[in-house]
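*Asks:* Provided below are the primary sequence and the corresponding predicted coordinates.
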Amino acid sequence: MTTLRSLTALPLLLILAARPDPAQTQSVQDLDPGVASLLFAVQRFAVQFGLLNLRTFTDLTYDSISFDPRTGDTSVNGLRVSPRLPWDPSRACTIEIERLVGYAAQPDVDTLRSDIEIEGVGVPAACFEPAVALTVQGLGYERIEVSAAALSMAYTLSSSAAELRLSADLDDAAALDVATHFDYVWVAGLGRDDPDDFEPLAHLESAEIQFVDAGLWERIKPMVSAQVGDLNAAPALVRVLLGQVLAGPGGTTTPEKTAFVDNVATELERFIRDGDRLVLKMAPTGGAWLDDDLFQTPQRMIETLEPELSVAPLAAERVIAPALVTAALTGEADLAPEVRLEVGEALLSGIGAPKAVGAGLDLLAPLAEAWNGEAAALMSKALLDEGDIIEGYALALRAMAASTPGAQALASRAEAELGVGEMLDIQATALAEWPEAGALENTQAEAIEAGDVNALRRLAAAAEAGRAQPRDHAGAYRLAALAAAGGNAGAAQLRDRLDARFTDGDGTDPDWAGLRDEVAAEALEVWTEGGLGARVLERYGR
């Protein structure tokens, strides 16, 4: 337990000590000298306090700790951790780490992310419990050497989704890669005094464990042969034993159990022959809640998690055929929109094809130009990540007009960095270019002609939110002012909320004030000369 607490506390220390992503904040060199000095003082205090706390659990020394003022990375060099283990009175267990680097880049305000890389790790056999240590030594390892390892964690505040990835290269043994994706993760009861009230909540989307042999299988072969004799007989033996375990006390089986047993035996036979790679994949249909009942029986786990052994990782299922990528990039084929989307997304994400943002944007551009919401959203995110806020916002508005999931978040992200004048100009351009702009004008004219205050309020809310149309703050203010004049309290709140959004301690933003006055004059003309006021009186008046 002390080893676990100490090794998990150190990455947390690095996270706390590191700065946010420099792409989202100023570089330290650009800060006021006093502010930069305070920043480094806080970092030093976090590290010093953390080290004192860590030594409560384990003996720990290091050669140096350094901070990168450009990126905010925190590096620990020459780290030595000596956990106090009950089976190691001679203190032979000292874990050595050449270098440990912590990154705490925050892609956006909605995501908590931490990346940790470790180089040159040595773990003596004495660090393991005696039975495990004997097995490790029996395989010929006096020390477990890890040339490189990485841990990546990401948590999305809005959805409570989480990703965890761990990879490690064990010298003369194997390469391991663990990846998990959760739709929802939390601990109910946090903040209560009694830890027994804590209840972990996790909905698994997918998980996989990759094992790539780099010498370990050759060391294990003699031990396996001593147990089963001919290695070629192992798959058949596993088929029988695993089938019995899954059948349970009643000896019943199901198609799912049979398929899993066949899968394990087939992949084990292949691995014994090739000695290359094994991948355990779990991607349950619709996901799965990891509750206590799930782990009661192997049968329940198989049925719920839908595990599968394979030679290929889950990501391989998203690999785009190279010929299709070539055709898309060279324009040799007239691609269907869904294929263009698939290849474009792969190029932008780097999953399924090598990441090539420029090529992905070019491929998706004709779709976005035609107001395809998915293409516009993909391009918007890529451009915002690249720092092109203006074009990214214009595309987010196109995605909003198609009611594309996530478009609202992209637009809000861009608006936080745009000037008011820029934002309003981009909105006006998007609305003018929207193919359905004429139909929207007709709908608004019909509501005005009917003197329908409630319809005007709904149209104002849709314009303000960008719901099934490009966001239009000016149009929202005009429609809300008209509905509020007719006595609609919700419209009055919307009108005032828009004003408050563009007002701070220095007063109303001049770009908003000028545009607001224009649309207010238009609304007044519609109310008086346009006859809306008279129609409202006729419809709702005394």
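*Replies:* Sure thing, it's come through. What you see is a predicted model; the values in this text were computed from it and never measured.
*Asks:* so who does Met282 touch?
*Replies:* 204, 206-208, 305-308 (CB atoms under 8 Å, 6 or more residues apart in numbering). In this view, the C-beta of every residue, glycine as well, is placed from N, C-alpha and C.
*Asks:* Those residues in strands, which ones?
*Replies:* 204, 206-208, 307-308 (DSSP state E).
*Asks:* can you redo those residues as TSV with neighbour count?
*Replies:* Below are the ones in strands among the contacts of Met282 laid out as TSV (neighbours: other CB atoms under 10 Å):
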residue	neighbour count
Leu204	21
Ser206	17
Ala207	21
Glu208	20
Pro307	17
Glu308	17
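*Asks:* and of the residues you listed, the nearest to Trp434?
*Replies:* Checking these against Trp434 with CB to CB, the nearest one is Ser206 at 37.5 Å.
*Asks:* does that closest one really touch Ala283, like I thought?
*Replies:* Yes - between Ser206 and Ala283 a contact is recorded at 4.3 Å, counting by CB atoms under 8 Å.
*Asks:* For those two, list the residues in contact with both.
*Replies:* Common neighbours of Ser206 and Ala283 (CB under 8 Å, 6+ apart) are Leu314.
*Asks:* Dump the ones in strands among the contacts of Met282 into TSV; add distance to Leu85 as well.
*Replies:* Below are the ones in strands among the contacts of Met282 laid out as TSV (distance: CB to CB, whole Å):
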residue	distance to Leu85
Leu204	33
Ser206	35
Ala207	30
Glu208	32
Pro307	34
Glu308	37
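*Asks:* helix, strand or coil for Ala468?
*Replies:* coil (DSSP: H, G, I helix; E, B strand; the rest coil).
*Asks:* what residues are up against it?
*Replies:* Contacts of Ala468 by CB under 8 Å, 6+ apart are 401, 403, 462.
*Asks:* Against Val245, how distant is the first one?
*Replies:* Think Ala401. Ala401 is 55 Å from Val245, where distance means CB to CB, to the nearest Å.
*Asks:* So for these two, which sits in the more crowded spot?
*Replies:* Ala401 (26 against 14; other CB atoms under 10 Å).
*Asks:* Isn't the more buried one up against Arg467?
*Replies:* No - applying CB under 8 Å as the test, Ala401 and Arg467 come out as separate, 9.3 Å apart.
*Asks:* Extract the CA atoms of stretch 344-351 and return them as PDB.
*Replies:* The C-alpha coordinates for stretch 344-351 follow below in PDB (Å, rounded to 0.1, in the frame of the first residue of the first chain):
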ATOM      1  CA  GLY A 344     -11.200  13.700 -43.400                       C
ATOM      2  CA  GLU A 345     -11.800  12.900 -39.700                       C
ATOM      3  CA  ALA A 346      -9.000  10.400 -39.800                       C
ATOM      4  CA  LEU A 347      -6.600  12.900 -41.200                       C
ATOM      5  CA  LEU A 348      -7.500  15.500 -38.700                       C
ATOM      6  CA  SER A 349      -7.400  13.200 -35.700                       C
ATOM      7  CA  GLY A 350      -4.500  11.000 -36.700                       C
ATOM      8  CA  ILE A 351      -6.500   7.900 -36.000                       C
END
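*Asks:* List the buried residues in it.
*Replies:* Going by neighbour count (16 or more other CB atoms under 10 Å), the buried part of stretch 344-351 is 344-349.
*Asks:* can you check stretch 271-287 too?
*Replies:* 271-272, 277-284, 287.
*Asks:* quick one: average confidence on that stretch?
*Replies:* Across stretch 271-287, the average pLDDT comes to 90.
*Asks:* Now do that stretch: distance from first to last residue.
*Replies:* End-to-end distance of stretch 271-287: 28 Å, with CA to CA, to the nearest Å as the criterion.
*Asks:* and if you look at stretch 98-111?
*Replies:* First-to-last residue span, stretch 98-111, CA to CA: 30 Å.
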